[in-house]
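> kindly generate the corresponding structure for this input.
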Amino acid sequence: MARAAQVVANISRSFEAKVVGQSRLRETLLIGLLTGGHILLESVPGLAKTTAAQTVADAISADFRRIQCTPDLLPSDIVGTQIYDAGKGTFVTQLGPVHANIVLLDEINRSSAKTQSAMLEAMQERQTSIGGQEYRLPSPFLVLATQNPIEQEGTYQLPEAQMDRFMLKDVLDYPSPAEEAEVVRRLDAGVFNQDLKPAAAASLDSVVAVQQLVGRIYLDPAILNYIVGLVYVTRNAATYIDQRLAGFIEFGASPRASIAFSQAARARALLHGRDYVLPEDVKALAHRVLRHRLILGFEAVAEGVPVESVIDAIVAAVQTP
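Residues are numbered from 1 along each chain as shown. Have a look, this model is predicted:
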């Protein structure tokens, strides 16, 4: 635990040296990194999503790739393809950018459904198939997908079943005036100059070691029942929460939500220096685990009811152990 705490602290310091504020984003990225779960980030442009991903990759000497999704992006542009070598008379396999430790899928909803499916298959299976040959993805492997909520023209909305494959979905807010001023000061000071890349704060091997420790964090049966109870209420909300809010829910969360809760809660406990999970860990993750898994009907959109309000009602309805 002491070694794990040191690794986490070193990565956090590297993150804070470049990224101003965004403490929840830092926690989300670290949870994804330590559990191998993938992250969906939603925000308006310019809130340091790419910078945050690049900073985490630099902190652990990870191979980082950024993929700008566009409507004409093909699956082979992501997973790789075979190219004919005329000199040798054979096909040569060229691996795609998904074969990296940290992959940033920028504006994933701008790629076609076929390309989205290829990427999500790589996320789930941790391998790609090119010319009948399977290629394992490196470890650790983390996908950060972003989407812009203010512009829907020329986009392909992610299907609900595919959204479920992301462990967490975080929604980023604008920085405060003081934080925004600090961003400008750091930009003027050359903090974001790529030529001044700091030394790595941790190694890939140390990250893998901490990943193995996460699975050993103690999760009490009472807290496991609490997690399952939260997910159960999302499917049977009319019995437990206000009828008006319950009527907005079309579909509740799948068992993947319970798995995400248990894995992410263990990682959050470790980030806070504990070898056991508290109910507060589960509550702190409720929005990030459930906001993309609860499917609300058009009435909720028409009345402007955010999914977070429904989640808060569900958390309040389930007794804390």
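> pull out the buried positions in the lowest-mean-pLDDT helix or strand in the chain.
Using mean pLDDT, DSSP states H and E, the weakest-scoring helix or strand in the chain turns out to be helix 160-163, at a mean of 78. Residues of helix 160-163 classed as buried under the neighbour-count rule (16 or more other C-beta atoms under 10 Å) are 162-163. C-beta here means a position set from N, CA and C on the backbone, and glycine is covered the same way.
> C-alpha coordinates for that helix, CSV please?
In CSV, the C-alpha atoms belonging to helix 160-163 read as follows (Å, rounded to 0.1, in the frame of the first residue of the first chain):
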residue,chain,number,x,y,z
GLU,A,160,-26.8,2.7,-25.5
ALA,A,161,-25.4,-0.8,-25.5
GLN,A,162,-22.0,0.5,-26.6
MET,A,163,-22.0,3.3,-24.1
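> helices and strands around it, which ones?
When contacts are defined as 3 or more C-beta pairs under 8 Å, 6 or more residues apart in numbering; DSSP states H and E, helix 160-163 packs onto helix 113-125.
> list the helices and strands the helix it packs on packs on?
So helix 113-125, by 3+ C-beta pairs under 8 Å, 6+ apart, packs with helix 75-79, helix 160-163.
> in a markdown table: those, plus distance to residue 34.
Output for the helices and strands packed on helix 113-125, formatted as a markdown table (distance: least, C-beta to C-beta, whole Å):
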| stretch | distance to residue 34 |
| --- | --- |
| helix 75-79 | 25 |
| helix 160-163 | 22 |
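> so which of those is nearest residue 142?
helix 75-79 (15.4 Å; C-beta to C-beta).
> quote the end-to-end distance of stretch 289-308.
11 Å (C-alpha to C-alpha, to the nearest Å).
> from here on, count from 47
That works, and once the first residue is 47, the last one we named lands at stretch 335-354.
> what lies in contact with whichever strand or helix holds residue 270?
According to DSSP states H and E, residue 270 maps onto helix 267-281. Contact with helix 267-281 is made by 285-287, 295, 297-299, 301, 303-304, 307-308, 311, 323-325, 328, 332, 336, 339-340, 360-361, 363-367, as judged by C-beta atoms under 8 Å, 6 or more residues apart in numbering.
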